[in-house]
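> need a structure here:
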Amino acid sequence: MEDQKDGTGTAPDIGMKLAALKAKRGYLLPHHGLMAVTSEKLLEAYDATYTALALDMRVLNVHDREFVWLAVLIATDEALATHHIPKFRNAGGSDAEIAVILRITAWAVGARAYGFVGRHWMGHLPGFDLDAAYRAAVPRLAEDCDMRLAVMALAAVHAASGDFDLLGRAILMAYDHGIPELELAEALSLMMFPGSIPYFVEAARVWLDLIRAGKVSPSPDFAAWARLEGQGGYDEASGVASR
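Now for the predicted structure:
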């Protein structure tokens with residue numbers, strides 16, 4: 001039977017592309033094949049982005065990166081990405097840490113209750129410190145786990161869940177605990193695919209606003225980012241206010 005043509009080449013070409021991708025990652029998902037059939041450029045760009053995001057070593061070691069990954073996957077109901085479990089275990093991750101990840105994530109997903117209280121009940125709770133209540137809960141969640149990991153996981157889960165007020169609280173905690181900005185940035189970036197790119201955009205805005213409001217003390221590079229004008233997207237560029 002003659003090979004069928006598709007959007008990017010012959011059927012054997014597609015098979016070779018997917019075989020190379022599988023050899024690199026150890027698995028394939030349905031969208032890989034769809035991109036191979038329909039757009040070689042998209043498949044290559046996607047693979048390059050995923051490689052930089054999830055495979056290349058940046059500042060987090062494999063154990064810490066996978067700790068955050070697992071929290072994000074649980075929060076986003078991402079059942080396909082089970083390859084992150086052996087990656088975490090192979091990097092020294094333990095059952096005890098899995099329990100911590102589950103506890104942190106379950107609390108972070110439910111922590112939008114803090115937003116409800118902040119929006120609707122504070123007039124009835126004079127003297128109640130909502131920020132202090134949030135902060136006091138985190139060490140109890142972490143128990144013997146490194147607070148650095150707990151706070152980064154919280155930030156990534158809040159971003160992936162679209163809970164941006166809570167994300168702001170987690171970013172403030174990250175600065176209070178001296179978590180390096182590049183580590184926090186990598187942790188947040190991990191939610192980009194399972195959580196969505198629009199949520200990642202909004203997470204960056206939350207961080208940017210905290211720097212511009214003087215609520216954190218940024219490094220020179222992050223201060224330079226905050227000074228850069230014109231980061232409000234099309235509405236700002238076109239003069240149409242979006243907020």
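> beyond the helix or strand where Tyr175 lies, next helix or strand please.
For Tyr175, the host element (DSSP states H and E) is helix 164-176. Note on helix 164-176: by DSSP H and E, the next helix or strand toward the C-terminus is helix 181-189.
> please save the CA atoms from that following helix in CSV.
This file holds the C-alpha atoms of helix 181-189, laid out as CSV (Å, rounded to 0.1, in the frame of the first residue of the first chain):
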residue,chain,number,x,y,z
GLU,A,181,14.1,34.0,43.2
LEU,A,182,15.4,31.7,40.4
GLU,A,183,14.3,28.6,42.4
LEU,A,184,10.9,30.1,42.9
ALA,A,185,10.6,31.1,39.3
GLU,A,186,11.5,27.6,38.1
ALA,A,187,8.9,26.1,40.5
LEU,A,188,6.2,28.5,39.2
SER,A,189,7.1,27.7,35.6
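> show me which residues of that helix are buried.
Buried residues in helix 181-189, defined by neighbour count with 16 or more other CB atoms under 10 Å: 181, 183-189. C-beta here means a position set from N, CA and C on the backbone, and glycine is covered the same way.
> over to stretch 15-23?
Buried residues in stretch 15-23, defined by neighbour count with 16+ other CB under 10 Å: 17-18, 21.
> my guess is Pro218 contacts Glu181. True?
Yes: shown here, Pro218 and Glu181 form a contact pair, counting by CB atoms under 8 Å, at 7.0 Å.
> which stretches of this protein have low pLDDT?
Along the chain, segments meeting pLDDT under 70 span 1-12, 241-243.
> let's see it at 80
For the chain, the stretches with pLDDT under 80 are 1-12, 25-27, 241-243.
> specify the residue ranges that define each domain of it.
1-56, 60-238 (automatic domain parsing).
> most tightly packed of those domains?
Of all these, domain 60-238 has the most neighbours on average by mean count of other CB atoms under 10 Å, namely a mean of 17.
> kindly reformat the buried residues of stretch 15-23 as CSV containing secondary structure and distance to Ala71.
CSV is the format used below for the buried residues of stretch 15-23 (DSSP: H, G, I helix; E, B strand; the rest coil; distance: CB to CB, whole Å):
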residue, secondary structure, distance to Ala71
Lys17, helix, 32
Leu18, helix, 30
Leu21, helix, 26
